[in-house]
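Student: make a model of this:
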Amino acid sequence: MDLMITSKVLETVEGGVLLEVRADDLQVQAFVVVAPVDMEVVERLVPITIFESGVQVHVSGVHTTTDIVEQIVQILENMDPNDVAVFLCENTIAYGESLATLGLKH
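Tutor: Numbers count the residues shown, from 1 in each chain. A predicted model of the protein is given here:
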């Protein structure tokens, strides 16, 4: 499925950005950061109020050895409105490709 994906930066966060992402009719937020795949990183990034609100938080490690576009699109296709995604990128290359996939130029 081809999604029309656009994003805007809501704020900078430790190691990256928080985006508002639109994928066709879906609107979600996504944290995109350069960080190891570690739940402690997720807990530092995502406010407790989001976890308490009942929305789903989708966490993914992004590696340059995988198809980043396919990985991100697959996650977006499985999200509901107002869900939150956290993309933990292994390096700046994965970070840049993730931002480009989400409709941002860096």
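
Student: bridging residues for the residue nearest the centre of the chain?
Tutor: For the chain, the residue nearest the mean C-alpha position is residue 30 (3.6 Å; C-alpha atoms, centre = their mean). Counting by DSSP bridges, residue 30 is bridged to residue 19, residue 85.

Student: that one reaches residue 85, doesn't it?
Tutor: Yes - in this structure residue 30 lies within contact range of residue 85 using C-beta atoms under 8 Å: 4.2 Å. Where C-beta positions appear, they are placed from N, C-alpha and C, glycine not excepted.

Student: how about residue 56: what's its closest non-neighbour residue?
Tutor: Residue nearest to residue 56 in three dimensions, not counting chain neighbours: residue 83, with 4.6 Å by C-beta to C-beta, 6 or more residues apart in numbering.

Student: in this structure that neighbour contacts residue 55, no?
Tutor: Yes - using C-beta under 8 Å, residue 83 makes contact with residue 55 at a distance of 5.2 Å.

Student: and these two? which has more neighbours close in?
Tutor: Using other C-beta atoms under 10 Å as the criterion, residue 83 and residue 55 rank with residue 83 on top: 19 against 16.

Student: tell me how far that one lies from residue 62.
Tutor: 17 Å (C-beta to C-beta, to the nearest Å).

Student: got it, and residue 93?
Tutor: Distance from residue 93 to residue 62, by C-beta to C-beta: 10 Å.

Student: looking at the two, which is more packed in?
Tutor: residue 62 (24 against 14).

Student: the more buried one reaches residue 98, doesn't it?
Tutor: Yes - using C-beta under 8 Å, residue 62 is in contact with residue 98, at 5.4 Å.

Student: which neighbours do the two share?
Tutor: Shared contacts of residue 62 and residue 98 (C-beta atoms under 8 Å, 6 or more residues apart in numbering): 68, 72, 87, 89.

Student: contacts only, for the first one.
Tutor: Under the criterion of C-beta under 8 Å, 6+ apart, the neighbours of residue 68 are 62, 94, 97-98, 101.
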